[in-house]
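*Asks:* make a model of this:
(chains A, B, C, D, E and F)
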There are 6 protein chains.
Amino acid sequence: MSEEAMGRFPVPDREELPDDVRERIETETEEAGFTPNVFDAFAYKPSHFRAFFDYHDALTEDTTLEREEVEMLVVTVSGINDCLYCVVAHGALLRIFAQAPKLADQLATNHRSADLSDAHRTMLDFAVKLTDEPGRVGDAEVAALREAGFSTEEIWDITSVVAVFNLSNRMATVADMRPNGEFYTIGRGGSDGE
Amino acid sequence: MSEEAMGRFPVPDREELPDDVRERIETETEEAGFTPNVFDAFAYKPSHFRAFFDYHDALTEDTTLEREEVEMLVVTVSGINDCLYCVVAHGALLRIFAQAPKLADQLATNHRSADLSDAHRTMLDFAVKLTDEPGRVGDAEVAALREAGFSTEEIWDITSVVAVFNLSNRMATVADMRPNGEFYTIGRGGSDGE
Amino acid sequence: MSEEAMGRFPVPDREELPDDVRERIETETEEAGFTPNVFDAFAYKPSHFRAFFDYHDALTEDTTLEREEVEMLVVTVSGINDCLYCVVAHGALLRIFAQAPKLADQLATNHRSADLSDAHRTMLDFAVKLTDEPGRVGDAEVAALREAGFSTEEIWDITSVVAVFNLSNRMATVADMRPNGEFYTIGRGGSDGE
Amino acid sequence: MSEEAMGRFPVPDREELPDDVRERIETETEEAGFTPNVFDAFAYKPSHFRAFFDYHDALTEDTTLEREEVEMLVVTVSGINDCLYCVVAHGALLRIFAQAPKLADQLATNHRSADLSDAHRTMLDFAVKLTDEPGRVGDAEVAALREAGFSTEEIWDITSVVAVFNLSNRMATVADMRPNGEFYTIGRGGSDGE
Amino acid sequence: MSEEAMGRFPVPDREELPDDVRERIETETEEAGFTPNVFDAFAYKPSHFRAFFDYHDALTEDTTLEREEVEMLVVTVSGINDCLYCVVAHGALLRIFAQAPKLADQLATNHRSADLSDAHRTMLDFAVKLTDEPGRVGDAEVAALREAGFSTEEIWDITSVVAVFNLSNRMATVADMRPNGEFYTIGRGGSDGE
Amino acid sequence: MSEEAMGRFPVPDREELPDDVRERIETETEEAGFTPNVFDAFAYKPSHFRAFFDYHDALTEDTTLEREEVEMLVVTVSGINDCLYCVVAHGALLRIFAQAPKLADQLATNHRSADLSDAHRTMLDFAVKLTDEPGRVGDAEVAALREAGFSTEEIWDITSVVAVFNLSNRMATVADMRPNGEFYTIGRGGSDGE
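*Replies:* Numbering: from 1, shown residues only, chains lettered A, B, ... in the order given. Modelled structure (predicted):
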């Protein structure tokens, strides 16, 4: 299975990985019930694997944001950057954490058409501009976040999620990381919710 | 239900619609098992309803393209134009007609990361350029379609699908047409296929 | 003559066209004194011919807009999309319907430099944004039309003209439809008017 | 008349202009039969008037290009920059110098749809790229001009016309220079030519 | 040395230049202590040399702007246009005239991150928009300059600097003018200032 | 001094930082002779500090690239993203590691005008496209790197540098990190080198 984790770099054998990398992959596999391909892909270079997932852990564990807000940011940014792996894998996470079966498809397509609070709309407007035109983000954009009620630390955390997934989208696209089949369907529930 | 078909224009009562419009809606409802919101939305102006669905019928019935090719074009164009209704509704149609549960999400995100034949990749490259930069499509782009094996009539038909959904995307976005809940999940099958 | 109606698809013999298509062409020819090339071009596929001109008829006959407003929208949209046939042919129509010999060249070049009422400027700002960035049109843009005095049905009609000519521009450019020579000069009057 | 030469700066009284500036305006008026508004506009600042028209004279008199090639470049560049004054005034000059009543409208809209030799198409491709993305013009673009047969001095002259009208377009747009009514109609001939 | 003034056109022998051109070069060389390569480059065509430097002289001598404001505009515009010669050479001039060793690098990178007064920030916002999207500059942008305190003549002068360097950047990039080594280091002072 | 490390978030007191973070800052300060502001800035959130610098260490220590190649990529990417801190700070590092006093200014302005080997030009073309249009990087762009001689691991490492500085540029711009004065002048040498 892991041979297909990405299309443009060889996926290393798990047995040959450093212990900490292999153990992290095993833990993730147990939790998810399958191995998300991003783990096998980043294992191509263990020093990058460690730094990337440490950053990811920091973003989701040492944060002022709700987990569903993190995933809303990720799906929106990844939609702007046209990143298949991140849209599909984090779309699944968003459906689970937000318990909202439609929200991921809405954000991946156009956050302006999504069912959102005003604060979340402002948060995602910021994410889109910081992704598309990073040099044009300044006082006005940061002030809009404050006016929407976000604290200083929340602004740092929002910025960090956008920044890290601007990294992640570029790695996934160049590596041609393939979303696991599970991610396409997880959390879609029935057609009844919104 | 039909009150929510779109967010920015009033949806007419079905009983007050001209007979031909109401009958078309009833036929569609029977076939799908629900009324796709685009029908209630376009009924706002019956003369537009008739012309739009006549064009749509021509594109899918009087064509050299396979139905799944039509839907591949629609999903790709609608992804470029960030049109929620069209991505979600035609994503469902593509999953059904192509019997490919993952293809719609791939094309809506980035056709370059999708599993495609070379001819279909060329077809979608053309669709993206004609959508994004219509004034820059010329001899070279048409020649690329020919080299990929498309006939003169197929080129007309490809162009027509792209053109009509550049109409459709703009109507759906301004009207704020809402995808029916069913469209988000139809045809996703299990997580086993690709 | 009709052989030159478009550069990239064969123009069908009129005698071989279905009666309704041939009759529509004859009517148009009588009215204009020549056959606008768009009719011979769309006759390539009669089912598309019928749907396209039905939509066009609906836009100009079943509308809350003045005919000159329709043509102002068409010329502006076609200028953004760099569509030669539509700029030249509808430029002529705009000169005639608005009795304004300069307006078409102004709108085709830059509606911001044209002599316009505030309401028409807002209408054309909307047309430009919906053409250029359809996914970014939302509540603010629709509200601007309302504030400029446009009714709900006028907003639908404005959107429809923009949408249909986003279709038309793409067909004309890919088909390489050639503006009839007459269109370049009709309605230019003397150099005295504005 | 001269009060209306531009919309955003006051037009100076001719009697108060320095002799050389006034004389140049008189000469131009005699030749054209009217005073092109660009002369009254630039007279706002005589030092700029002199430098601008000296550059313009150099481009048209000390050049390896045909005058119609200069005007083809000007109309194409001005179309890209959406400059009303330059499109309309130089459109008239192009119709006269090229004796081609349709060419100006074609180039102002989309040079890809114009009737051009291959060399002229390459020349205008270069002009469009140098106007739109000046930092992305390099060896490949210059080599394309050479392969199309342009000499070193012709490449300098082409570049200079593009560069000077990137100046001129910005002055005319900010000043809101108004094209004289005459320019809209000069050289259109009948509908019989091309 | 002068052989290397530019990469894509031959640099003429100074002895063969017209007297006025050679004398201007000699004067500049005495003043600067070296010959800025732009002089040897433009000498390729003396008629262009004269018009270009006359315009440049008018911009810096017959102006309502401070010299450092002229250079702030030049560096900002040249940064947007990615013009190496102009960024490096006028960066040196800005460091000297503004006595600000860091300002040039700030403006060349992103004027939004520079240490500026509000009026200068507005001036440079205008310069960026007029450079990037000349057809979209209109009443609102000119009004913003007025509200920041700029007079009518200052607005003409600001526009003129932006316009002329949109010319200059295109000539320098196509000619591949090489910044003299001196320009990279002049005026950098120590690391103590700001 | 550290109070001014960034403009939009409070800089923490060093005494209150976790030991490992404080020690890293002290080591960097000793090595550089001053504290680069990025360290005080990222200390705002120690978990992010650790992950960011671990990634940075991996990019520069566990790599197939020369250190000067890493810095060439950083300066080019940061120039595209208009990031003041990264252009100025890494410009200094590039001058030192490449022993090339002019190269940083060239790459920050326009890598097409820089003095580069063909392989490095291809490497930077890739970096620009992956920064500007991440969704459009595919087989052709990766193949161009291979044809220029880059190995599979080098392609991973190039991609990683581009990706991480797309993170870093966004953090630095939103935080308004200020380049230390030293970075503006380090490594500029005399005006004699190239």
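
*Asks:* identify the residues contacting A:Tyr85.
*Replies:* A:Asn37, A:Val38, A:Ala172, A:Thr173, A:Met177, A:Arg178, A:Pro179 (C-beta atoms under 8 Å, 6 or more residues apart in numbering or on different chains). In short, each C-beta sits where N, CA and C put it, glycine included.

*Asks:* quick one: is the top helix by length along chain A near chain B?
*Replies:* If you go by DSSP state H, chain A has its longest helix at helix A:152-175. Yes: looking at helix A:152-175 against chain B by C-beta under 8 Å from any C-beta of the partner chain, the contacts come from A:Thr173.

*Asks:* any idea of the angle that helix forms with helix F:152-175?
*Replies:* 160 degrees (axes from the mean of the first three to the mean of the last three C-alpha atoms, to 10 degrees).

*Asks:* quick check: next helix or strand after helix A:152-175?
*Replies:* Next along the chain after helix A:152-175, taking DSSP states H and E as the criterion, comes helix A:181-185.

*Asks:* gap between that following helix and the chain center?
*Replies:* Here helix A:181-185 is found 15 Å from its chain centre; the criterion is C-alpha atoms, centre = their mean, to the nearest Å.

*Asks:* quick one on the thing from earlier: can you tell me the average pLDDT over the longest helix of chain A?
*Replies:* Taken as a whole, helix A:152-175 carries a mean pLDDT of 98.

*Asks:* and for stretch A:78-85?
*Replies:* Rounded mean pLDDT across stretch A:78-85 is 98.

*Asks:* ditto for stretch A:45-57
*Replies:* 98.

*Asks:* sec struct for A:Gly79, please.
*Replies:* Here A:Gly79 is recorded as helix under DSSP: H, G, I helix; E, B strand; the rest coil.

*Asks:* thinking again about what came up before, alpha carbons only: can I get the longest helix of chain A in CSV?
*Replies:* The C-alpha atoms that make up helix A:152-175 are tabulated as CSV, following Å, rounded to 0.1, in the frame of the first residue of the first chain:
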residue,chain,number,x,y,z
THR,A,152,-3.6,38.5,19.7
GLU,A,153,-2.7,34.9,20.3
GLU,A,154,-5.6,33.7,18.2
ILE,A,155,-4.2,35.9,15.3
TRP,A,156,-0.8,34.3,15.8
ASP,A,157,-2.4,30.8,15.7
ILE,A,158,-4.5,31.5,12.6
THR,A,159,-1.5,32.9,10.8
SER,A,160,0.5,29.8,11.8
VAL,A,161,-2.1,27.4,10.4
VAL,A,162,-2.2,29.3,7.1
ALA,A,163,1.6,29.4,6.9
VAL,A,164,2.2,25.8,7.7
PHE,A,165,-0.3,24.6,5.1
ASN,A,166,1.3,26.8,2.6
LEU,A,167,4.3,24.6,3.3
SER,A,168,2.3,21.4,3.3
ASN,A,169,0.3,22.1,0.1
ARG,A,170,3.6,22.6,-1.8
MET,A,171,5.2,19.4,-0.5
ALA,A,172,2.1,17.4,-1.2
THR,A,173,1.7,18.7,-4.7
VAL,A,174,5.3,18.3,-5.8
ALA,A,175,5.5,14.8,-4.1
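
*Asks:* buried stuff in that helix?
*Replies:* A:154-175 (16 or more other C-beta atoms under 10 Å in any protein chain shown).

*Asks:* farthest-apart pair in the contacts of A:Tyr85, please.
*Replies:* A:Asn37 and A:Thr173 (13.5 Å; C-beta to C-beta).

*Asks:* of all the contacts of A:Tyr85, which comes closest to chain C?
*Replies:* A:Thr173 (20.6 Å; C-beta to the nearest C-beta).

*Asks:* is the closest one in contact with A:Cys83, as I believe?
*Replies:* Yes: with contacts counted by C-beta atoms under 8 Å, A:Thr173 reaches A:Cys83, the gap being 5.4 Å.

*Asks:* joint contacts of these two?
*Replies:* B:Asn110, F:Pro134, F:Gly135.

*Asks:* what number of residues lie near the second one?
*Replies:* F:Pro134 sits with 24 neighbouring residues when counted by other C-beta atoms under 10 Å in any protein chain shown.

*Asks:* same thing with the first one?
*Replies:* The burial count assigned to B:Asn110 is 22, neighbours taken as other C-beta under 10 Å.

*Asks:* is the helix or strand A:Ala127 falls within anywhere near chain B?
*Replies:* For A:Ala127, the host element (DSSP H and E) is helix A:118-132. No: if you take C-beta under 8 Å from any C-beta as the test, helix A:118-132 misses chain B, and the best it gets is 10.6 Å.

*Asks:* contacting residues around A:Ser117?
*Replies:* Applying C-beta under 8 Å, 6+ apart, no residues contact A:Ser117.

*Asks:* which phi and psi does it have?
*Replies:* With angles defined as degrees, to the nearest 10, A:Ser117 sits at phi -70, psi 160.

*Asks:* remind me which residues of chain A are low pLDDT?
*Replies:* A:1-3, A:190-194 (pLDDT under 70).

*Asks:* wait, what's in contact with A:Cys83?
*Replies:* Contacts of A:Cys83 by C-beta under 8 Å, 6+ apart are A:Ser168, A:Asn169, A:Ala172, A:Thr173, B:Thr109, B:Asn110, F:Pro134, F:Gly135.

*Asks:* which non-adjacent residue is nearest it?
*Replies:* Computed as C-beta to C-beta, 6 or more residues apart in numbering or on different chains, the closest residue to A:Cys83 that is not its neighbour in sequence is A:Asn169, at 3.8 Å.

*Asks:* in this structure the one you found contacts A:Asn81, no?
*Replies:* Yes: using C-beta under 8 Å, A:Asn169 is in contact with A:Asn81, at 4.0 Å.

*Asks:* what sits in contact with each of those two?
*Replies:* Common neighbours of A:Asn169 and A:Asn81 (C-beta under 8 Å, 6+ apart) are F:Pro134.

*Asks:* element containing the residue nearest the centre of chain A, please.
*Replies:* Residue closest to the average C-alpha location in chain A (C-alpha atoms, centre = their mean): A:Val74, at 3.9 Å. Using DSSP H and E, A:Val74 sits within helix A:67-80.

*Asks:* so A:Val142 sits in a strand?
*Replies:* No: checked against three-state DSSP, A:Val142 lies outside a strand; its state is helix.

*Asks:* distance of it relative to D:Ala175?
*Replies:* Separation of A:Val142 from D:Ala175 (C-beta to C-beta, to the nearest Å) stands at 36 Å.

*Asks:* get me the contact residues on chain A for chain B.
*Replies:* A:79, A:82-84, A:87-88, A:91, A:101-102, A:105-106, A:108-110, A:112-114, A:173, A:176, A:179-182, A:184-186, A:188-194.

*Asks:* what's the PyMOL syntax to select whichever of those residues are buried?
*Replies:* Selection of buried members from the residues of chain A next to chain B for PyMOL, criterion 16+ other C-beta under 10 Å:
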select buried, chain A and resi 79+82+83+84+87+88+91+101+102+105+106+108+109+110+112+113+114+173+176+179+180+181+182+184+185+186+188+191
